[in-house]
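> below are the sequence and a predicted model for it; my questions follow.
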Amino acid sequence: MAVKQAILSLVLFSSALLSQAQEITQQDFSGSGHIHVLNSSDWRTGNPNQKVGCLDNDGRFVADNSTSNCGVFTRLSVYPYSMSTKKGNCTFQDENTVTNTDSYYGKNDHAWTCNSTYVANINDDLYTIDGFPYPFICFGDVACFYDAKKIPQQGELIPLWQFHWGSQQGGITPGHVMLQLLWDQIAPPKTKETVLAPGPDINVAENSQEPLKGQQIAE
């Protein structure tokens, strides 16, 4: 009987998690939290069990043997809806960071960084998508995947880039790993009158075949 009750409790708990996961909205990507990195190339199967690290306060991809390695990010609830840490504003647009020279289409892309010298703008907006199973973080024109040279070992600081593709390179940069970012809220917004940041006009619960890899880059 005890075994049956345990199994029933597990089923009910799993069902509750699934129900909760199916209700992701823009409001779930708010306040302050950690950004976990998933080894995932398909948002439909991506999940927290695929965590391979997190982003630190400087925006680097690091191993997360302890959450003390993970940065604490805050999402601005008003224009330009950007992210920041105690080190400053976060962006993929800072030309002082390393570029993804291995990538055919991303060779001019700069690594994610958070620093006090950068002034955020609307191009730094990140968002989630209604209907996601988890609060995955996306950018640009419905693009939800990222590029790194490797999964970090303890103590390594790995650059993270946006994933871009086209006819000459349809998948991840050769030798690199495709990733997703997962929001893990640790504190709600400081004000209850939070203005929801704009997100794409799409609900993935109704468009489950959308690849969400952004637009193909023209030659």
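Cool, got the structure. Residues are numbered from 1 along each chain as shown.
> can we go C-alpha only for contacts and neighbour counts from here?
Noted.
> for D201, helix, strand, or coil?
coil (DSSP: H, G, I helix; E, B strand; the rest coil).
> number of nearby residues for the closest residue to V204 other than its chain neighbours?
Residue nearest to V204 in three dimensions, not counting chain neighbours: G131, with 5.1 Å by Cα to Cα, 6 or more residues apart in numbering. Residue neighbour count, defined by other Cα atoms under 10 Å, stands at 20 for G131.
> what's the host helix or strand of Q185 packed up against?
Using DSSP states H and E, Q185 maps to strand 177-187. Contacts defined by 3 or more Cα pairs under 8 Å, 6 or more residues apart in numbering; DSSP states H and E place strand 177-187 against strand 32-38, strand 146-148.
> run the last query once more with 10 Å
Under the contact definition 3 or more Cα pairs under 10 Å, 6 or more residues apart in numbering; DSSP states H and E, strand 177-187 sits against strand 32-38, strand 51-55, strand 73-75, strand 138-139, strand 146-148, strand 161-162.
> beta partners for the residue most central in space within the chain?
Centroid check for the chain by Cα atoms, centre = their mean gives L181 as the closest residue, at 2.4 Å. Per DSSP bridges, residues listed as beta-bridge partners of L181: V37.
> now do the contacts for G214.
Counting by Cα atoms under 10 Å, 6 or more residues apart in numbering, G214 touches C138, F139, G140, D141, V142, A143, C144, F145, F163, H164, W165.
> ok, P48 next?
Under the criterion of Cα under 10 Å, 6+ apart, the neighbours of P48 are H36, V37, L38, N39, Y134, L182, D184.
> Y118 versus the second one, what's the distance?
Which is V37. V37 sits at a distance of 23 Å from Y118 (criterion: Cα to Cα, to the nearest Å).
> quick one: the helices in the protein?
In the chain, the segments counted as helices under DSSP state H are 2-21.
> not counting its neighbours along the chain, what's nearest F73?
In this structure, F73 finds its nearest non-sequential neighbour in T85, 4.8 Å apart by Cα to Cα, 6+ apart.
> what number of residues lie near that neighbour?
The tally of other residues near T85 (other Cα under 10 Å) stands at 21.
> so, low pLDDT: which residues of the protein?
Under the criterion pLDDT under 70, the flagged ranges of the chain are 1-22, 191-198, 206-207, 219.
> next, the angle from the strand holding Q185 to strand 32-38.
Relative orientation of strand 177-187 versus strand 32-38 (axes from the mean of the first three to the mean of the last three Cα atoms, to 10 degrees): 160 degrees.
> which parts of strand 177-187 are buried?
For strand 177-187, a neighbour-count test (16 or more other Cα atoms under 10 Å) marks V177, M178, L179, Q180, L181, L182, W183, D184, Q185 as buried.
> let me have those residues in JSON lines, extended by distance to H110.
Below are the buried residues of strand 177-187 laid out as JSON lines (distance: Cα to Cα, whole Å):
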{"residue": "V177", "distance to H110": "17"}
{"residue": "M178", "distance to H110": "16"}
{"residue": "L179", "distance to H110": "16"}
{"residue": "Q180", "distance to H110": "17"}
{"residue": "L181", "distance to H110": "17"}
{"residue": "L182", "distance to H110": "20"}
{"residue": "W183", "distance to H110": "22"}
{"residue": "D184", "distance to H110": "24"}
{"residue": "Q185", "distance to H110": "26"}
